[in-house]
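S.K.: Quick one, fold the following:
(chains A, B, C, D, E, F and G)
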Amino acid sequence: MPLDPIQSLGESLGKAIIIKCKRNKTFKGILKSFNAHLNVLLEDVDYTYFERDSENEENLIEKTEKFKKIVLRGDSIVFIGINKG
Amino acid sequence: MPLDPIQSLGESLGKAIIIKCKRNKTFKGILKSFNAHLNVLLEDVDYTYFERDSENEENLIEKTEKFKKIVLRGDSIVFIGINKG
Amino acid sequence: MPLDPIQSLGESLGKAIIIKCKRNKTFKGILKSFNAHLNVLLEDVDYTYFERDSENEENLIEKTEKFKKIVLRGDSIVFIGINKG
Amino acid sequence: MPLDPIQSLGESLGKAIIIKCKRNKTFKGILKSFNAHLNVLLEDVDYTYFERDSENEENLIEKTEKFKKIVLRGDSIVFIGINKG
Amino acid sequence: MPLDPIQSLGESLGKAIIIKCKRNKTFKGILKSFNAHLNVLLEDVDYTYFERDSENEENLIEKTEKFKKIVLRGDSIVFIGINKG
Amino acid sequence: MPLDPIQSLGESLGKAIIIKCKRNKTFKGILKSFNAHLNVLLEDVDYTYFERDSENEENLIEKTEKFKKIVLRGDSIVFIGINKG
Amino acid sequence: MPLDPIQSLGESLGKAIIIKCKRNKTFKGILKSFNAHLNVLLEDVDYTYFERDSENEENLIEKTEKFKKIVLRGDSIVFIGINKG
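M.R.: Numbering: from 1, shown residues only, chains lettered A, B, ... in the order given. Presented below is the predicted three-dimensional model:
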């Protein structure tokens, strides 16, 4: 059997990854650590999400925020992408 | 392997953090303690959320409340941001 | 490491707290006991919630009910606020 | 530490309680037994809920059904109220 | 302490019960077995549910299907009713 | 006590079953194996689901796909029907 | 008893599979590893999903992205299809 999928993230420590979460939340940053529950520590993070326009709920507005570090809960994650093609 | 992502929060004890939860709830405050389930004790908290306008459900109203202390359940958390850039 | 966030609720036994749950449900009452899953026993409770107007689903109606005692499931809780500022 | 919140329900065995569940479902009945997961056996139950009008989804219709006994799953419960004021 | 709520279903083995699940799904049938997670084996089952009208999503259509046997997951269940009054 | 509900699926190995999942997804196929979490291996599968019309979200379109084999997660399953009447 | 459903994925290591997730997300790629929680490592991945049109929320737009590798959380998966017919 090859390496466990989560343990295979060890190759990406110190490298840029992309994390896609529920409700179209996206995090791009440097992977600093992770654990078996897929909780993740990221640095130099760009966080992109969509917010409903408060004046017209049918419009969605894309927003970006920057963080030096985040701890992201594994439960929120759909997938982690490595070396996007 | 570097420090577990949740344990790495130890560096932020006594410092200001931002916590983003499901449904655009945001908490800003001083991190006083946390556990392995990411339950968190915060002090001097600003809590910001969006509420539907009771007379026109398509409008969203931003609201803020202040609390001296809160215990926040880990299950509600999407991520914890440190040193926002 | 400081006290576990949930155990720190011990200081509030016998005191008034506010509990915010999913879907804008709010409970105010006296904290009588709790356990590690954040199940909570409250006394002298004011329970506030929003209900859709049965004749016009776009309207939300705020309602309040009183209870002598409630047992609240931890899974429903977003956060517990202490000493609101 | 006072009695665990769930164990404190022991005082209500044989008495009338009200159980509020997700999506505005309400159960009134006599508490016959419970376990640590808050699964509950009720007798002489009035079950009230809201159903969308099948011809006009924006209307909600309140409905009541009676049951001699029900076993209610703890996962569905938001809170159990005792001695409503 | 009286019998555990789930174990009390033992009295209903071989008898007709009604099971109410999330999203207004209802199952009527003969209880053949169950386990501690409230997984259930039913025989001679009438399954009733509501489906959105594919041409007009605001209309809900009640549908019924029959099964000789089903295995129903406990996670889907809200409550099990016995001897409906 | 009769056979555990999940273990009773052993009688259906090699036979056609129907699996109903959340959001009206239906799988028909031959049951090849299962485990205690109700994860299931099916062969010769017809998968039917409803998709919103991308040009008019109020319309639902029924779609069918065929698979030689699928591994279906137990968490997605509402019930497994045997010998539909 | 035949092979556990999840272990039966061992036959597909190094082969193309299709993974269907909640909310119509689809992943096509080469299965490199998996574990008992159905966490999966895929290579050469085509990821297809639907996004609401930000200017007209009633329209859905199909989008595709490519990734060299992804780690997909088992919790997001509805089923894994092998040898689509």
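S.K.: Touching, A:Met80 and G:Ile70? I think so.
M.R.: That one is not Met; residue A:80 is Ile. Yes. Counting by Cβ atoms under 8 Å, A:Ile80 touches G:Ile70, with 6.4 Å between them. C-betas here are computed from N, CA, C, even on glycine.
S.K.: residues touching the residue nearest the centre of chain A, list them.
M.R.: Most central in chain A under Cα atoms, centre = their mean is A:Ile19, positioned 2.7 Å from the mean C-alpha point. Contacts for A:Ile19 were tallied using Cβ atoms under 8 Å, 6 or more residues apart in numbering or on different chains; they are A:Thr26, A:Phe27, A:Lys28, A:Val40, A:Leu42, A:Leu72, A:Ile77, A:Phe79, A:Ile80, A:Gly81.
S.K.: What are the phi and psi values at it?
M.R.: Backbone torsions for A:Ile19, taken as degrees, to the nearest 10, come to phi -120, psi 120.
S.K.: Give me the nearest residue to it, chain neighbours excluded.
M.R.: Counting by Cβ to Cβ, 6 or more residues apart in numbering or on different chains, the nearest residue to A:Ile19 once its immediate chain neighbours are dropped is A:Phe27, at 4.3 Å.
S.K.: Could you look up the SS state of A:Leu3?
M.R.: coil (DSSP: H, G, I helix; E, B strand; the rest coil).
S.K.: Let me see the ranges of the strands in chain A.
M.R.: Residue ranges of the strands in chain A, as given by DSSP state E, are A:16-21, A:26-34, A:40-52, A:60-72, A:77-84.
S.K.: would JSON lines of the ones you listed with mean pLDDT be doable?
M.R.: Formatted as JSON lines, the strands of chain A follow (pLDDT from 0 to 100):
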{"stretch": "strand A:16-21", "mean pLDDT": "97"}
{"stretch": "strand A:26-34", "mean pLDDT": "98"}
{"stretch": "strand A:40-52", "mean pLDDT": "93"}
{"stretch": "strand A:60-72", "mean pLDDT": "94"}
{"stretch": "strand A:77-84", "mean pLDDT": "89"}
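S.K.: how about A:Gly14, what does it touch?
M.R.: Applying Cβ under 8 Å, 6+ apart to A:Gly14 gives the contacts A:Ile30, A:Leu31, A:Lys32.
S.K.: now A:Ser8
M.R.: A:Pro2, G:Lys32, G:Ser33, G:Leu41, G:Val71.
S.K.: Wait, A:Arg26 touches A:Thr48, no?
M.R.: Rather than Arg, residue A:26 is Thr. Yes. At 4.6 Å, A:Thr26 counts as touching A:Thr48 under the criterion of Cβ under 8 Å.
S.K.: Neighbours of A:Pro2, how many?
M.R.: The number of residues packed around A:Pro2, counting by other Cβ atoms under 10 Å in any protein chain shown, is 13.
S.K.: need the contact list for it.
M.R.: By Cβ under 8 Å, 6+ apart, the residues touching A:Pro2 are A:Ser8, G:Leu13, G:Lys32, G:Ser33, G:Leu41.
S.K.: Need the phi and psi values for A:Ala36.
M.R.: Note on A:Ala36: its backbone torsions stand at phi -60, psi -20 [degrees, to the nearest 10].
S.K.: residues near the closest residue to it other than its chain neighbours, how many?
M.R.: Of all residues not flanking A:Ala36 in the chain, A:Ile6 sits nearest, at 6.1 Å (Cβ to Cβ, 6+ apart). A:Ile6 has 21 neighbours, counted by other Cβ under 10 Å.
S.K.: pretty sure A:Ile6 is touching A:Ser12, no?
M.R.: No. When contacts are counted by Cβ under 8 Å, A:Ile6 is not listed as touching A:Ser12 (11.3 Å).
S.K.: and the gap between A:Phe27 and chain C?
M.R.: From A:Phe27 across to chain C, the span is 22 Å (Cβ to the nearest Cβ, to the nearest Å).
S.K.: my read: that residue touches A:Asp44, true?
M.R.: No. Judged on Cβ under 8 Å, A:Phe27 makes no contact with A:Asp44 at a distance of 10.8 Å.
S.K.: Which residues are in contact with each of those two?
M.R.: With Cβ under 8 Å, 6+ apart, A:Phe27 and A:Asp44 have no common neighbours.
S.K.: got the residues of chain A near chain G?
M.R.: With Cβ under 8 Å from any Cβ of the partner chain as the criterion, chain A meets chain G at residues A:1-6, A:8-9, A:24, A:38, A:50, A:58-62, A:74-75, A:77-85.
S.K.: Just the buried ones out of the residues you listed, please.
M.R.: By neighbour count, with 16 or more other Cβ atoms under 10 Å in any protein chain shown, those hold A:4-6, A:8-9, A:24, A:38, A:50, A:59-60, A:74-75, A:77-82 as buried.
S.K.: Contact partners for A:Phe50?
M.R.: Counted by Cβ under 8 Å, 6+ apart, A:Phe50 has contacts A:Arg23, A:Asn24, A:Leu60, A:Ile61, A:Glu62, A:Lys63, G:Ser54.
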